[in-house]
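Asks: can't give you the sequence, but here's the structure:
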């Protein structure tokens, strides 16, 4: 077989040609679409209060303080509040956490909310990701005293917490096109308010 005939056969096979006139002679070319994975850089995060955002209080009973076999009444100091502040982000576009996971972006988080006014404290920041951000509460420094009665005494502390929810707008820059992309989400914080009440539990044998 001559060289040009061999090449012609290869080309015919590649484009699915046939010598049969009854078969469609249109070359069959497969279309391949490549999806470009976009990459983004952080620009800004803005907090705001939307109508569905809530701010509520609830009570939590902390673990009991038990004293057994005391020879007489004892007055002792305690730290009634031993709780941390916990906050976390949630986003409507779950990919946002993946886009920024290698950038370790730290943003200012709210310190106080009064009506629609959101206040910030310099240095109060959290990394923007899906993980909980936990810091010690300033109320952990509060001191009080209890009087443990002779024999057995049991105490617990009713601690007040605030659960706060705010909205945020995250602005990103597309590394390929330079265009801005906006995504929205919620930020939550659960923290002690500093309000508490120490209570003594009375067992049935003491009544």
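Replies: Thanks, I have the structure now. Computed from a prediction, not measured in an experiment: that's the story for all the values here.
Asks: Who are the packing partners of the longest strand seen in the chain?
Replies: As assigned by DSSP state E, the longest strand anywhere in the chain is strand 151-174. Applying 3 or more CB pairs under 8 Å, 6 or more residues apart in numbering; DSSP states H and E, we find strand 151-174 packed against strand 40-48, strand 55-61, strand 65-70, helix 95-99, strand 106-114, strand 180-201. (C-beta placed from N, C-alpha, C; glycine too.)
Asks: got the buried residues for the third one?
Replies: Going by neighbour count (16 or more other CB atoms under 10 Å), the buried part of strand 65-70 is 65, 67.
Asks: Pull the distance from that strand to the chain's centre.
Replies: 40 Å (CA atoms, centre = their mean, to the nearest Å).
Asks: which SS class is residue 130?
Replies: coil (DSSP: H, G, I helix; E, B strand; the rest coil).
Asks: which residues sit in contact with the closest residue to it other than its chain neighbours?
Replies: Once flanking residues are discounted, residue 130 sits nearest to residue 97: 5.1 Å by CB to CB, 6 or more residues apart in numbering. Taking CB atoms under 8 Å, 6 or more residues apart in numbering, we find residue 97 in contact with 91, 128, 129, 130.
Asks: What backbone torsions are found at the third one?
Replies: When read as degrees, to the nearest 10, the backbone of residue 129 gives phi -160, psi -170.
Asks: Distance of the residue nearest to it when sequence neighbours are not counted relative to residue 185?
Replies: Take residue 129 and drop its neighbours on the chain: the residue closest to it by CB to CB, 6+ apart is residue 97, 5.7 Å away. To residue 185, residue 97 is 10 Å away according to CB to CB, to the nearest Å.
Asks: Mutual contacts of these two, please.
Replies: With CB under 8 Å, 6+ apart as the test, residue 97 and residue 185 both reach residue 91.
Asks: which non-adjacent residue is nearest residue 198?
Replies: For residue 198, the spatially nearest residue (CB to CB, 6+ apart) is residue 157, at 5.4 Å.
Asks: Burial check on the closest residue to residue 106 other than its chain neighbours, number of neighbours?
Replies: Nearest non-adjacent residue to residue 106, counting by CB to CB, 6+ apart: residue 125, 4.5 Å away. For residue 125, the count of nearby residues is 14 (other CB atoms under 10 Å).
Asks: Any buried residues in the helix or strand harbouring residue 125, and which?
Replies: Element membership for residue 125, per DSSP states H and E: strand 117-127. Going by neighbour count (16+ other CB under 10 Å), the buried part of strand 117-127 is 118, 126.
Asks: in its sheet, what does the helix or strand following it sit against?
Replies: Beyond strand 117-127 on the C-terminal side, the first helix or strand identified by DSSP H and E is strand 133-136. As defined by DSSP bridges, the strand partners of strand 133-136 come to strand 84-91 (antiparallel).
Asks: by how many degrees do the partner strand and strand 180-201 diverge?
Replies: 150 degrees (axes from the mean of the first three to the mean of the last three CA atoms, to 10 degrees).
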